[in-house]
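In: Sequence first, predicted coordinates after that:
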Amino acid sequence: MSSPIRVRFAPSPTGYLHIGGARTALFNWLFARHHGGTFVLRVEDTDQARNTEEAAAAIYEGLKWLGLNWDEGPHAGGNFGPYFQSQRNDIYERYLAKLKEAGHTFEDNGAIRFRSPREHVVVDDLVAGSIDFDLTNPETHPDMTIRRPDGSWIFHFVNVVDDIEMKISHVIRGEDHLSNTPKHIELYRALGAPPPRFAHIALIHNMDGSKMSKRDQGASIEHYTKRGYLPAAVRNYLCLLGWSPKDNREKIPIDEIVSLFDFKNVVRSNATFDPDKLHWLNGEYCRELQPEEFLQRGIAAFKSAGLDLGQFPDDYVRAALMTCVGKINVFDELPAYAGFYFADDVSFNPEGIAKNFTAENKPRLQAVRSAFAGLGNFDAGAVESALKETAKNLGVKVGILVHPTRLAVTGTHAGPSLYHLLEVLGKERVLARVDRALATF
RNA sequence: GGCCCUAUCGUCUAGGGGUCUAGGACAGAGCCCUCUCAAGGCUUAAACACGGGUUCGAAGCCCGUUAGGGCCGCCA
């Protein structure tokens, strides 16, 4: 009956994994997993001059990071290899011979071109619907070149040949290929192969409406891995770009997306990438992290910021980072948020100095200091009582003492719960820092 | 220039002729909570690109205009 579902992601390794490419891969993967089909990774490395090993590696890493495991392709094997176009030359020669024999080719200045049958071709697209292309006019739809004089192959030809050879059932790709599709269909027919189903998904733009291109900040998956985004969050966000569960949900487990995924729910218009929404969604995922994972990712974030927390006692690091759980959206925010734990010579925020290190506050901070100094037990509860009692004695609101104290020990106005961070810091460090602060005004 | 796709709040979207005084989310504003910052709760502002049809009735169908995007390579 119907042939098995086989889809492919076919990047050319000429740069890092682009957000748009990742989304294309994701939709292929979702479709394959939804139908229990096969997801193939094929590397289109026919452009010798621009291909690099590093680019290919970046693509593998990016896909793996997003959890988009491929069933066939590099490192995965499969019965339809090789999965690098650069290694499939004899296959292309064979198909070209077939095409030549059937009289579909002609030579033009040493290049080989495919002669269009000059008919109407209807593309019945799973996303865009049925589109009738009139290919009868050579002026508007010139014959396409399939092989250069130097013997190298053109994308359109090898792409189609590989999809035939690899028994691809559904071609899911960016809308930028929609206009090429009728020509591809002509090629399938000329080669005597039934065309696959096509699904062209709309492109992704920047916030300013421009096309997201390689030079844009945030256009690469690597940008998000480096900054400590969570793969599940990025993947979830990418799903929302052009697909909708139609029930107003935003944060959806990937298993559920897999079971819901359908091209009926894929939007036909271009989408704009919104870093703010991704940031929010990442925060949602961050807040659900298990403590252990939060700790590990936190340590990694400090490491990428240039600070090795290995030099501090494990217990201290753990206690410190645990006060930050639920307080950040992306891990690259953590070093700034919790850095004070690991640097005794904190620098005081200028705005904070003006507001809190005032003549009026000096005796207050001194009172806090002596209250702390008298404490035997320095846990959060004890510290809180001491501070509140001091406030009471001075006849001021607790906040009046909280702000200068926080500034003195952390250098900023924002951070983890004051009482808990004081406990983690410990009496000795706290007193030293308060002294140091008191000496500045 | 030719061909093709698209058009709902700033952004992602719900909507597939009546239940739309158009719903949700992010971002914005305000309030509450509160040791700060977040988070959370509540409230608020914000859109059917325009013009014609079709219809008793249009955000939804048709045509046109405009706008955005894509393709028209011996790039992929």
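Out: Received it, and whenever you're ready, just let me know what you need.
In: So which residues on the stretch 51-200 of chain A come close to RNA strand B?
Out: Within reach of RNA strand B by C-beta under 7 Å from any atom of the strand, the stretch 51-200 of chain A has these residues: A:108-111, A:128-129, A:131-134, A:140-142, A:144-145, A:148-149, A:152-156, A:175-180. Bear in mind the C-beta positions are built from the backbone N, C-alpha and C, glycine included.
In: List only those of those flagged as buried.
Out: Buried by 16 or more other C-beta atoms under 10 Å: A:Ala128, A:Ile131, A:Phe133, A:His141, A:Met144, A:Thr145, A:Trp153, A:Ile154, A:Phe155, A:His156, A:Glu175, A:Leu178, out of those.
In: Then the third one would be within a strand, right?
Out: It refers to A:Phe133. Yes - according to DSSP: H, G, I helix; E, B strand; the rest coil, the state of A:Phe133 is that of a strand.
In: contacting residues around the closest residue to it other than its chain neighbours?
Out: Nearest residue to A:Phe133, sequence neighbours excluded (C-beta to C-beta, 6 or more residues apart in numbering): A:Pro182, at 4.0 Å. Contacts for A:Pro182 (C-beta atoms under 8 Å, 6 or more residues apart in numbering) come out as A:Val121, A:Val123, A:Phe133, A:Leu135, A:His141.
In: which phi and psi does the second one have?
Out: Dihedral pair for A:Val123: phi -100, psi 120, per degrees, to the nearest 10.
In: Past the one helix or strand A:Ala338 maps to, which element shows up next along the chain?
Out: Using DSSP states H and E, A:Ala338 sits in helix A:334-338. Next helix or strand after helix A:334-338 toward the C-terminus (DSSP H and E): helix A:350-356.
In: heading toward the C-terminus, what's the first helix or strand past the helix ranked longest in chain A?
Out: In chain A, taking DSSP state H as the definition, the longest helix is helix A:19-35. As assigned by DSSP H and E, the chain's next helix or strand after helix A:19-35 is strand A:38-41.
In: where does the residue nearest to A:Phe133 land in three-state SS?
Out: Using three-state DSSP, the structure places A:Pro182 in helix.
In: Leaving out the residues flanking it, which one is nearest to A:Val346?
Out: Closest to A:Val346 by C-beta to C-beta, 6+ apart is A:Gly411, at 3.6 Å.
In: same deal with A:Lys427?
Out: Once flanking residues are discounted, A:Lys427 sits nearest to A:Phe378: 4.3 Å by C-beta to C-beta, 6+ apart.
In: give me the element the one you found is part of.
Out: Assigned by DSSP H and E, A:Phe378 falls within no helix or strand.
In: In contact with the residue lying closest to A:Phe261 once chain neighbours are set aside, which residues?
Out: Nearest residue to A:Phe261, sequence neighbours excluded (C-beta to C-beta, 6+ apart): A:Leu30, at 4.3 Å. Neighbour list for A:Leu30: A:Cys239, A:Ile257, A:Val258, A:Phe261 [criterion: C-beta under 8 Å, 6+ apart].
In: Now go through the residues of the stretch 51-200 of chain A next to RNA strand B and say which are in strands.
Out: Secondary structure from DSSP state E places A:Asp108, A:Ala111, A:Gly129, A:Ile131, A:Asp132, A:Phe133, A:Asp134, A:Met144, A:Thr145 of those in strands.
In: State the pair within the contacts of A:Leu30 that is farthest apart.
Out: A:Cys239 and A:Val258 (9.8 Å; C-beta to C-beta).
In: In contact with the residue of chain A most remote from its centre: list those residues for me.
Out: Most distant from the centre of chain A: A:Asn393, at 53.0 Å, with distances by C-alpha atoms, centre = their mean. A:Asn393 makes contact with A:Ala367, according to C-beta under 8 Å, 6+ apart.
In: ok, 10 Å please
Out: A:Ala367, A:Ala371 (C-beta atoms under 10 Å, 6 or more residues apart in numbering).
In: three-state assignment of it?
Out: Under three-state DSSP, A:Asn393 falls in the helix class.
In: Would you mind measuring from it to A:Pro416?
Out: Per C-beta to C-beta, to the nearest Å, A:Asn393 is found 26 Å from A:Pro416.
In: that older thread, got TSV for the buried ones among the residues of the stretch 51-200 of chain A next to RNA strand B, with pLDDT too?
Out: Shown next, in TSV, are those (pLDDT from 0 to 100):
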residue	pLDDT
A:Ala128	93
A:Ile131	93
A:Phe133	93
A:His141	89
A:Met144	94
A:Thr145	95
A:Trp153	93
A:Ile154	94
A:Phe155	93
A:His156	96
A:Glu175	94
A:Leu178	95
